[in-house]
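Asks: Here is my input; please provide its structure:
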Amino acid sequence: MHKNTKEMTELILKAKEKAIKETSHEPEPEFTKPISWPITCTVGPGLEGAIACETKIGYVNGAKGWLIYRGYNIFDLCAYSTFEEVAFLLLHGELPTLSQLNVFKKKLVQYGHIPLTKRRLMSFPVERMNAMAALRLGTTFMRQEFTDVESQEYINDTVKIISADEDSIPMETKPMGEKHAIYEFDEKKLLEMKIRDNLQHATGIESCHHLVAGVSSLVAAIARIKVGRLPIEPHPDLSFASNFIYMMTGKVPSPIEERIMDISLILHADHGMNASTFASMVVASTLSDIYLSVGAGIAALQGPLHGGANEAVIAMLKEIGSVENTKTWFEKACAKKQKIMGFGHRVYKAYDPRARVLAPLAKYMSRKNDEGKKLFKIAEQLEKEVLRTLGKEKKIFPNVDFYSGIVYTCLGIDSEFFTPIFAASRVSGWTARVQEYLLNNRIFRPRAMYLGQFDKGYISVKNR
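Replies: So this is what the prediction gives:
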């Protein structure tokens, strides 16, 4: 660890200590026991509260403000680990040995070279496209460059890899199906459908590695193309986080900038069954390939209710304009019942642990950045106003988006790329969860409650 980054480690460990102290009285973890299917649970609109699967990858405890990756709490991973280690952990189940880590690092650099994908992407008007739209397009080109799934010769042997769905779930209309669903997974079928480690089939673990490396290269390439510059290839001597900044800016980052980006990528790598993760898993459950599954995740993340909040936070802080105007702005916003961007979360009823890490880092980074310093002081004051009122009444606290935009601003990154950075990190979580789910695959098939009419008589078009 570089000597100049030790202070950041100490800030993270202090945040951990504060989190433990403030939430020690909260209930113990929920949703952590093996499931005996079928189960009964309370489901709200948008499948809120539904239990769709079991996982060993990640866990969010909203009451305590916990975020766990494969048994490790997020504070320790941010303090001591790197994004390469965390991506390996999510995909392979354990932290890598030194030799495994060195091989994985080299592989990510190698897989970050996507020349044909970049060439195809540059043939489109990327400078006029939304960055996330360009990223979705880029993953499709990666699929074409590194697999044969689009060729006429490719045969998808669905007979061998089909899951137990079709012979174990009853039909919706009697008498075709069983009275109750039979939850069974034949051992032979499971062995046949296990993900093959072959890039040609666009489903194996190597494709996941390819996407973890390739999506970051795409984000960096899009950033450069949008300002009229040519993409840069990854440097073999740089870390993943350092390469990411280097490919975006053309400059090798300082150890502090590298460490800040590393921590940011770790924080965004996985977060339960969120909308983009669920979208990826739904597509994968049809036995579509991992490239299209990641494309679905990117599409879901593009929505402003999911991935665009940190960009909206920066716009909000600029609108407030000054520390002195913060209280007045907040009171007016409350009177109009306006949403305060960067606060509240569907899961957390405690302080988001990711925000606990990012807040002191944003303060640390803003010390020598005039724009960042101004934004942070306004954010700090706004947090005080929110916690004084909504925090006590409704347990609304800052989430990951409130401070992440300030961190990226201090790194000199344009706000348009806040969400693509999110995607470059989250692809590790998407691919890990898809791989895990496919081992016991069941195509997602919820029901909708029909509220329409019956027995309407058909009227010919001339009489309508």
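Asks: what residue ranges in the stretch 201-350 of the chain score low on pLDDT?
Replies: Low-confidence segments of the stretch 201-350 of the chain (pLDDT under 70): 201-203.
Asks: Break down the stretch 51-200 of the chain into its helices, ranges please.
Replies: For the stretch 51-200 of the chain, the helices defined by DSSP state H, counting those that start in this stretch cover 74-80, 83-92, 98-111, 115-122, 131-146, 158-161, 165-168, 187-193.
Asks: Mean neighbour count, the ones you listed: which tops it?
Replies: Highest mean neighbour count of the helices of the stretch 51-200 of the chain: helix 83-92, a mean of 24 (counted as mean count of other CB atoms under 10 Å). Every C-beta, even on glycine, is put in place using the N, C-alpha and C of the backbone.
Asks: From the contact counts, what lies against that one?
Replies: Counting contacts by 3 or more CB pairs under 8 Å, 6 or more residues apart in numbering; DSSP states H and E, helix 83-92 packs against strand 66-69, helix 98-111, helix 205-226, helix 240-249, helix 255-267, helix 418-438.
Asks: Please compute how far stretch 61-76 lies from its chain's middle.
Replies: In terms of CA atoms, centre = their mean, to the nearest Å, the gap separating the centre of stretch 61-76 from the centre of its chain is 16 Å.
Asks: ok, back up a step: right, so of the helices and strands packed on helix 83-92, which gets closest to Leu89?
Replies: With CB to CB as the measure, strand 66-69 is the member of those nearest Leu89 (6.2 Å).
Asks: strands paired with the closest one, and their directions?
Replies: strand 58-61 (antiparallel), strand 72-73 (antiparallel) (DSSP bridges).
Asks: Include mean neighbour count when you put these into a markdown table, please.
Replies: Converted to a markdown table, the strands paired with strand 66-69 look like this (neighbours: other CB atoms under 10 Å):
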| stretch | mean neighbour count |
| --- | --- |
| strand 58-61 | 21 |
| strand 72-73 | 16 |
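Asks: Asp414 is nearest to which of these?
Replies: Shortest separation from Asp414 across the strands paired with strand 66-69 is recorded for strand 58-61, at 29.3 Å, computed as CB to CB.
Asks: Please name whichever of the helices and strands packed on helix 83-92 is nearest to Leu13.
Replies: Closest approach to Leu13 among the helices and strands packed on helix 83-92 (CB to CB): helix 255-267, 12.6 Å.
Asks: what packs against the helix or strand just after the closest one?
Replies: For helix 255-267, the following helix or strand on the C-terminal side (DSSP states H and E) is helix 275-285. Contacts defined by 3+ CB pairs under 8 Å, 6+ apart place helix 275-285 against helix 290-302, helix 418-438.
Asks: Tabulate these (JSON lines), appending distance to Leu89.
Replies: Below are those laid out as JSON lines (distance: least, CB to CB, whole Å):
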{"stretch": "helix 290-302", "distance to Leu89": "19"}
{"stretch": "helix 418-438", "distance to Leu89": "9"}
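Asks: Turn these into a markdown table, columns for distance to Leu211 and mean neighbour count.
Replies: Below are these laid out as a markdown table (distance: least, CB to CB, whole Å; neighbours: other CB atoms under 10 Å):
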| stretch | distance to Leu211 | mean neighbour count |
| --- | --- | --- |
| helix 290-302 | 5 | 24 |
| helix 418-438 | 5 | 26 |
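Asks: And the ones you listed: which comes nearest Thr117?
Replies: Each of those has some distance to Thr117 by CB to CB; the shortest is helix 290-302, at 11.1 Å.
Asks: Hey, what's the angle from that closest one to helix 275-285? Just curious.
Replies: On the basis of axes from the mean of the first three to the mean of the last three CA atoms, to 10 degrees, helix 290-302 is oriented at 150 degrees to helix 275-285.
Asks: hang on, the earlier thing: I'd like to know which of the helices and strands packed on helix 83-92 lies nearest to Gly321.
Replies: Among the helices and strands packed on helix 83-92, helix 418-438 comes nearest to Gly321, with 20.6 Å by CB to CB.
Asks: Run a quick neighbour tally on Asn463.
Replies: Counted with other CB atoms under 10 Å, the neighbours of Asn463 add up to 5.
Asks: Quick one: residues contacting it.
Replies: Not one residue lies near Asn463 by CB atoms under 8 Å, 6 or more residues apart in numbering.
Asks: how far away is it from Gln144?
Replies: Separation of Asn463 from Gln144 (CB to CB, to the nearest Å) stands at 51 Å.
Asks: Specify the residue ranges that define each domain of the chain.
Replies: Here the domain parsing of the chain from automatic domain parsing is 3-41+53-80, 86-305, 309-410.
Asks: Tabulate those domains (a markdown table), appending distance to Val427.
Replies: Output for the domains of the chain, formatted as a markdown table (distance: least, CB to CB, whole Å):
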| stretch | distance to Val427 |
| --- | --- |
| domain 3-41+53-80 | 14 |
| domain 86-305 | 5 |
| domain 309-410 | 17 |
